[in-house]
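In: here is a sequence with its predicted model. Questions after.
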Amino acid sequence: MKYNIMIVISLLLIPMSFSISEIENPLEKSERLITELKLYDALIALEPLLTDDKKSEDQEEALWVANMLCDRLQRILSDEYQEYYQEHGIKGFIKGDLTKEWGKIDNLNRLEANFTYFEMGGEFLYHYGFLKRLVELYPNSKWCPAAEYYLIQEGNPVPRDAHKTLKALYTYVKKYQKSGLTELYMAYLDIAHINHGLWAFLAHPDDDPFGMTGEFSSGNSDKDKELAADHKVEALKYYAKFIVSGYQGRYSSQIKDAHQGYEELMQNKATGYSILVID
């Protein structure tokens, strides 16, 4: 009788062991879905790790992978959202109703991705929720140096505070000046852009198309000219640093943009205002 019971238990355990072995690791499942270019599904597959209260190497990696996926998904989901909106009528752009029905952004924000809708650009913006958690939970992670750059502006299309953002960028490039990080080179271009924008408002206040010169002016025209000259020097310097950096990012247009900005600034053209106003 004892042996019969053991046989029965063994037979019950066999299918259980198979079912356990067939459970796919979230990272492996996500990688498989990424290979199929199912990026949204790949991120949702990471949910068990993203919502786990227990810290682990897998969770650390999952946060970084989720961040990379969100960086790509913000454009993909923006396009899908617009297609969904057009298909379901144009009685009024009621974002709340559509996202409730469509659901994808809600699902990602439930996992603390932190997406918002940027009405001026008609697109979703990712504000690096997963990166923030990565830095908080794993401050010694190998991904933290890159994360520090993205968290300076937190996914906002323009600096909320130009001077504060500029100061943070200078601190970043000083800290990682010998790192060779791609983000270091991206910071060069950001520094050039912000200095270019400040120069435009201070050097050509009468050409300001946005009426925002007062936000950047010192209130003294002579002082503004001095500040403009300093910003021009810095913008040219960092445009040049970016151009020769060997940057190989995913936006090839940025090299062309840097050359154009450099040339326009050299010619003192009244351009660059939009850098601080719209993306």
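Out: Thanks, I have the structure now. Residues are numbered from 1 along each chain as shown.
In: ok, residue 187 - how many residues close by?
Out: Look at residue 187: counted by other C-beta atoms under 10 Å, it has 25 neighbours. The way it works is simple: take the backbone N, C-alpha and C, and place the C-beta from them, glycine included.
In: show me the contacts for it.
Out: Residues near residue 187 by C-beta atoms under 8 Å, 6 or more residues apart in numbering: 149, 152, 169, 172, 173.
In: redo that, cut-off 10 Å
Out: With contact set as C-beta atoms under 10 Å, 6 or more residues apart in numbering, residue 187 has these partners: 148-149, 152, 168-173, 176-177, 181, 238, 241-242.
In: which among the residues you listed end up buried?
Out: 148, 149, 152, 168, 169, 172, 173, 176, 181, 238, 241, 242 (16 or more other C-beta atoms under 10 Å).
In: now the closest residue to the last one other than its chain neighbours: how far from residue 243?
Out: When you say that, I think you mean residue 242. Closest residue in space to residue 242, ignoring its immediate chain neighbours: residue 188 at 4.1 Å, by C-beta to C-beta, 6 or more residues apart in numbering. Per C-beta to C-beta, to the nearest Å, residue 188 is found 9 Å from residue 243.
In: now do the helices in the stretch 1-150 of the chain.
Out: 2-22, 26-35, 39-44, 47-50, 57-87, 95-102, 104-110, 129-137, 144-153 (DSSP state H, counting those that start in this stretch).
In: mind putting the ones you listed into JSON lines with distance to residue 212?
Out: Shown next, in JSON lines, are the helices of the stretch 1-150 of the chain (distance: least, C-beta to C-beta, whole Å):
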{"stretch": "helix 2-22", "distance to residue 212": "60"}
{"stretch": "helix 26-35", "distance to residue 212": "42"}
{"stretch": "helix 39-44", "distance to residue 212": "37"}
{"stretch": "helix 47-50", "distance to residue 212": "40"}
{"stretch": "helix 57-87", "distance to residue 212": "27"}
{"stretch": "helix 95-102", "distance to residue 212": "27"}
{"stretch": "helix 104-110", "distance to residue 212": "31"}
{"stretch": "helix 129-137", "distance to residue 212": "30"}
{"stretch": "helix 144-153", "distance to residue 212": "19"}
